[in-house]
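Asks: sequence and predicted model, in that order:
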Amino acid sequence: MRTILAAAVALLAVQALHAQNALEVLHIRGPIYFIAGAGANITASVGPDGVLLVDTGTDQMSARVIAALDDLRRATVPREAAPAFGNLSKSRLEPERATPPPPKPLRFIINTHPDIAHMGGNAKLAATGKTITGGNVAGDLGDAGDTSALYAHENVMLRMARGGNGESGAMLPTDTYFTPYLKFSHYFNGEGIQINHMPNAYTDGDSMVWFRGSDVIVAGDVFSTTGYPPIDVARGGGVDGVIEALNDILDIAFPEFRLEGGTMIVPGHGAISDSADVAYYRDMVTKIRDRVQASMKKGLTLQQIQASRPTRDYDPRYAGGSVQPEQFVESIYRSLTQQPRGRS
Ligand SMILES: [Zn+2]
């Protein structure tokens, strides 16, 4: 009896451990997949051109992310090229002899901002860009670089190069942009991909990634379904920039008429969302900003404003995130006492 009990307890422990470390992989639309459970959310484009990732999760989860991507690449690789003209009989008679092309590797990584939960997996994942697991790599080595290309806004690179922001040890970007947006030079997995800079939002180096054919937007940490947004004034962030970033997302997103759907938006943390969810979040941030601002105009101190709990009505939904209500209020207070920032 005791052994059975011990075995049952051990099994439960294993299951709990498994559940704790398991990744959740969901198909969003077209070649776009959502990977949750590796720290921050990861978004992947997987298809005939290879793999592109937006954010990479934590270093500790990299092996699991690599395994999940291997599964996706194998599952999505075309079994066989479309039969050439006049070649139908061959493909009908010998389908099992046709060797599928090997899945292509991880080609690009885009980081939405420099946080270790979002970029901790950069180095290990980028290293897989060199070879193709389980396939015949000989034909591909000639045109493959040593690692995947790593894209981020220039300010991410500058802050990482200076160090001291908790990103040390993470791989530096190989490609940066300093313009309001960066368009990939050609289609990847059948669609255009655009990276938009969101100035002075969480930090001064935030990017959103827009998959223009699949109509999916990866928001980064300006949007979450589980917590208040982090705003790092010391790294160039500000509450007005967060609101502007959420408005920018809403500018390019389409709702589905009277239904959930339309443009799909991936938050930095939490569940896949639509534009109504982003609008709700934008309204929440705006209302709390306005309350803090009104209290400041009355001459209240930060402590008095925190004590008045301007987040009270939203705390049941968002206080469980990584940003505590008092921290959120303080970051709003600090952004409003800074010199005006923004894009104007
Ligand atoms: Zn985050």
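Replies: Thanks, I have the structure now.

Asks: for this protein, what lies in contact range of the ion?
Replies: 40, 221, 268 (Cβ under 5 Å from the ion). Placement of C-beta: from N, CA and C, glycine included.

Asks: hmm, 8 Å instead?
Replies: Contacts of the chain with the ion, taken as Cβ under 8 Å from the ion, map to 39-40, 113, 115, 117-118, 220-221, 224, 230, 268-269, 322.

Asks: so which of those sits lowest on pLDDT?
Replies: Among the residues of the chain next to the ion, Asp115 carries the weakest pLDDT, at 88.

Asks: for Arg235, see how far away it is.
Replies: 10 Å (Cβ to Cβ, to the nearest Å).

Asks: which one of those two is surrounded by more residues?
Replies: Neighbours per residue, other Cβ atoms under 10 Å: of Asp115 and Arg235, the larger number sits with Asp115, 25 against 21.

Asks: low-confidence bits of this protein, can you list those?
Replies: 1-21, 77-102, 130-146, 164-170, 339-344 (pLDDT under 70).

Asks: let's go with 90 and repeat that
Replies: 1-22, 73-105, 114-116, 127-148, 157-174, 255-261, 338-344 (pLDDT under 90).

Asks: and the helices in it?
Replies: 2-21, 62-76, 88-93, 116-119, 122-127, 154-162, 239-252, 275-297, 302-307, 315-318, 325-337 (DSSP state H).

Asks: so of those, which one's packed in deepest?
Replies: Burial among the helices of the chain, expressed as mean neighbours by mean count of other Cβ atoms under 10 Å, is greatest for helix 116-119, which shows a mean of 24.

Asks: next one: it to chain centre, how far?
Replies: Relative to the mean C-alpha coordinate of its chain, helix 116-119 is positioned 9 Å out (Cα atoms, centre = their mean, to the nearest Å).

Asks: and the contacts of it?
Replies: 39-40, 55-59, 111-112, 166-167, 170-171, 220-221, 268 (Cβ atoms under 8 Å, 6 or more residues apart in numbering).

Asks: of those, buried ones?
Replies: The neighbour count (16 or more other Cβ atoms under 10 Å) marks 39-40, 55-59, 111-112, 167, 170-171, 220-221, 268 as buried among the contacts of helix 116-119.

Asks: ok, the closest residue to Ser273 other than its chain neighbours to the ion distance?
Replies: Counting by Cβ to Cβ, 6 or more residues apart in numbering, Ser273 lies nearest to Ile265, which is 4.8 Å off, once chain neighbours are set aside. Going from Ile265 to the ion by Cβ to the ion, to the nearest Å gives 15 Å.
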